[in-house]
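**Q** Take a look and give me a structure for this.
(one chain, ligands or ions: 2)
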Amino acid sequence: MVARVTLEIALRKEFDYAIPPELAARIDVGTRVKVPFGPRQVNGVVTEVLEESTHTNLRSIVRIIGAQSLVTPQVLKLARWIADYYCCAPEIALKSVLPDAVRKEDARFKERLFVRLSPVRAEMPKLTKRQQDILHVIEEWRELPLQRLLILTGATPATIRKLEDKALISIAPEVDERDPYAKEEILPTQSMTLNAEQALALEKIKAAINQRAPGILPGSPNWKQTPTLLDSKEARPDAGGTFLLHGVTGSGKTEVYLQAIAHTLEQGKGAIVLVPEISLTPQTVERFKARFSSGPLRTLVAVLHSHLSAGERHDEWHKIRQGRARIAIGARSAIFAPVDPLGLIIVDEEHEHSYKQEESPRYHARDVAVVRGQMERAVVVLGSATPSMESFYNTKRGKYELLELTVRVDDQKMPVVRVVDMRSEGRKQKGVPIFSTQLKEAITQRLEKSEQTILFLNRRGYSTSLLCPQCGYVAECPNCSVSLTFHRRAAKLLCHICGHSAPAPSVCPEPKCRSAAIRYSGLGTEKVEDTLAKLFPQARITRMDSDTLKKKDDYRRILGDFRLGKIDILVGTQMIAKGLHFPNVTLVGIIYADLSLHLPDFRAGERTFQLLTQVAGRAGRGDVEGEVFVQAFTPFHPAIQYARRHDFIGFYDQEIEFREQLKYPPVGRIALLTLRGRNEDKVRLSAEHVRTELEKFLAQPRQGGKGTGLGDLVIAGPAPAPLARAETFYRYQLMLRTPAMTKLSRAIAAMQETLALPDDVMLAVDIDPVDLA
Ligand SMILES: [Zn+2]
Ligand SMILES: [Zn+2]
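**A** Residues are numbered from 1 along each chain as shown. Ligands and ions are numbered 1, 2, ... in the order given. The predicted model follows:
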């Protein structure tokens, strides 16, 4: 027998090895093995078992690593799809599906010595008073770690060993599972009554789950034990399996998730829940743990995210692999959790950009979730108050089914959103204003009533675009309709999609305006905090952004203080826009909505709409109605106006027209090729070379005389990438637009095979990029 093996070192190739007879019974797809490679031995994963190989003189597998194969055939298949679609080497895709803490050869469970009571004996040996006391303690616990017993009794190990000598107790090493949530006290919760919309959404999800074959039923012998691996089935496009749950903020999406998971468990299958890393707070995890901590559906909930220690991650992962935890909750990479059989995948806040991995493999966890759902016949629920254009477009085309929750639970009202025109404020105040008169008054009122305020500033847009604070003029590319990037030093405006370049004006080009303030440089959260402290010296103000959050616990601590009312005003970046509940927050202020609106990205409008809606959703979560102030120099912009009216559909309809015109996603698909290096000339020439090669490759007729099927491909650039910050690297990019991404991915991979670039220039391929700014 022969095993085909993917090696953990980057080679973009698989190798055949002979399986020694003594290992034959234990080697299967997914088994990790040590194999000889040149003079060394390296780790790899078996991807196929074959009768014979076309190669001769095969070397043999040295040994098997670990007792259990870690990659299930299903996840292995998913990794191969990722390598193919996202243009990366299979070994890189394979690495990303297993946490480091699990993949490393030395990763193992932690063991401790446990003391356990022996079965009762007829004759009790004679014991000293001291020994009797210790025995009583053990009797109370039945079993406990030796270390703990020593602390409880103050005894020495020698004394306890004497009890072992008398065969009253046993002392043996045992796996001591690390539980990152051991300190949290979790109280079981019951299902809540659903309103009509929630009930309808749940019914449809349940019906889709029922259409699929049952897995391992609760109470059956295999329940909570390692399920046998299913044969990997062919992925089949499966209409009706993917839902988009569009629910306004506060509409009770989580309760729908919880009851859908309960139904999945009843069907004998498990679930994966993806949430953005930033939302993975103890409160979120607790809600899921609490619901399944008791009752007939009782199961462990394993948590996977980057803030766990390596040991904790190892143990949490194995709880899933062994089938003891049937629910996995985590950030992006939890989509690879070895839940088997898998019945349901939930992607909460599906519009979040953090689901996209920024380094290779550059996969999008939401899209991988949909593919995994199809491969394993699992139902997929994408949830959001502000769905991505992509997902909503897919409901329009019948690929996903739309479920809507239009009212807040308990009939709370949506907050009132007031848009403040900062252009007129600019004429009243000297310089460029930070706080409008209206927002200042609103904050004063809240301070008087001891209610809380959140102020929000998206600093990412800081000084990258050219905006006139007097009239709201924004410099845009005539070809691509994205904001031009302002290069202050060269006094130039640049489009980073097509390369269009123009001198930066020194006064506003609007004939009626001609203001010189057009080159002002924006502001950051720090400036807002300082100004705020001067305006409201009596207020307790805390700033929360990546600069102030230094320690692991800072985020939790600040939010805890805010919850307890120790902070009057919280100032922060997008990290405070996420699904946090603060009943006493009745005012939310967005300082400059323009900052995200004019990022040099065709998704700037969409992101701003999402941010405004999410941030506004933080207000009025308690009994008091909430109020939101949006300050903007371009208050007429549709993203702001539709967000003000909580009108997602209205926003979608006008935005899709713009995307249609320029074939931006979701209408077309894009791939971004970025070249990076220290020598600008070399990088630019390499980018031009890539463009030429790509054109040559696409012009080649393929076998049978047919073309590549990429006739509609549009290549823009090369153009210098935006935010070439203080980095010492120069970056140039090419944007490719196509209606057929799978074909394009393969064409790019094929082109890379023969592409020759200088050693110090690197090429990164990003399929379906989410962040262009
Ligand atoms: Zn102007
Ligand atoms: Zn352009």
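
**Q** CA only for contacts and neighbour counts going forward, please
**A** OK.

**Q** How many residues are close by the residue lying closest to Phe392 once chain neighbours are set aside?
**A** Nearest residue to Phe392 in three dimensions, chain neighbours excluded: Leu244, at 7.5 Å (CA to CA, 6 or more residues apart in numbering). Around Leu244 there are 22 other residues, counting by other CA atoms under 10 Å.

**Q** Which part of this protein gets nearest to ligand 1, residue-wise?
**A** In the chain, the residue that lies nearest ligand 1 is Cys471 (4.0 Å; CA to the ion).

**Q** didn't that residue look like it was pressed against Cys513?
**A** Yes: under the criterion of CA atoms under 8 Å, Cys471 makes contact with Cys513 at 6.6 Å.

**Q** The two: which has the busier surroundings?
**A** Taking neighbours as other CA under 10 Å, Cys471 and Cys513 compare with Cys471 leading, 20 against 14.

**Q** Next up, the contacts around that one.
**A** With contact set as CA atoms under 8 Å, 6 or more residues apart in numbering, Cys471 has these partners: Arg423, Cys513, Phe633.

**Q** Mind checking what secondary structure it has?
**A** Assigned with DSSP: H, G, I helix; E, B strand; the rest coil, Cys471 falls in the coil class.

**Q** Quick check: which element contains Trp81?
**A** Using DSSP states H and E, Trp81 sits in helix 73-85.

**Q** Just checking, which helix or strand succeeds that helix along the chain?
**A** As assigned by DSSP H and E, the chain's next helix or strand after helix 73-85 is helix 90-96.

**Q** any residues touching that following helix, and which ones?
**A** 6-13, 76, 79-80, 82-84, 333, 360-361.

**Q** filter these to the buried ones?
**A** The neighbour count (16 or more other CA atoms under 10 Å) marks Thr6, Leu7, Leu76, Ala79, Arg80, Ile82, Ala83, Asp84, Ser333, Ser360, Pro361 as buried among the contacts of helix 90-96.

**Q** How far off centre is the longest strand along the chain?
**A** The single longest strand within the chain, with elements called by DSSP state E, is strand 40-50. Its chain's C-alpha centre lies 30 Å from the corresponding centre of strand 40-50 when counted by CA atoms, centre = their mean, to the nearest Å.

**Q** got the buried residues for that strand?
**A** For strand 40-50, by 16+ other CA under 10 Å, it's Asn43, Gly44, Val45, Val46, Thr47, Glu48, Val49.

**Q** wait, isn't the last one in contact with Val5?
**A** Yep, that's Val49 we're talking about. No: contact criterion CA under 8 Å: Val49 and Val5 do not qualify, at 9.1 Å.

**Q** circling back to that earlier point, secondary structure of the residue nearest to Phe392: a strand, I assume?
**A** Yes: according to three-state DSSP, Leu244 belongs to a strand.

**Q** Is it bridged to anything, and to what?
**A** Taking DSSP bridges as the rule, Leu244 bridges to Leu382, Leu402.

**Q** Please apply the same query to Arg32.
**A** Beta-bridge pairing for Arg32 (DSSP bridges): Val45, Ile65.

**Q** what's the spacing between the helix or strand bottoming out on mean pLDDT in the chain and its chain's center?
**A** When the helices and strands of the chain are compared on mean pLDDT, DSSP states H and E, helix 100-103 comes out lowest with a mean of 72. Relative to the chain's own centre, helix 100-103 is displaced by 19 Å; criterion: CA atoms, centre = their mean.

**Q** burial count for Pro188?
**A** Pro188: 15 neighbours (other CA under 10 Å).

**Q** Would you mind listing what in the stretch 351-500 of the chain touches ligand 1?
**A** Within the stretch 351-500 of the chain, the positions near ligand 1 by CA under 5 Å from the ion are Cys468, Gln470, Cys471.

**Q** The most far-flung residue of the chain relative to its centre: what secondary structure?
**A** In terms of distance from the mean C-alpha position of the chain, Lys126 ranks first, at 62.1 Å (CA atoms, centre = their mean). Using three-state DSSP, the structure places Lys126 in coil.
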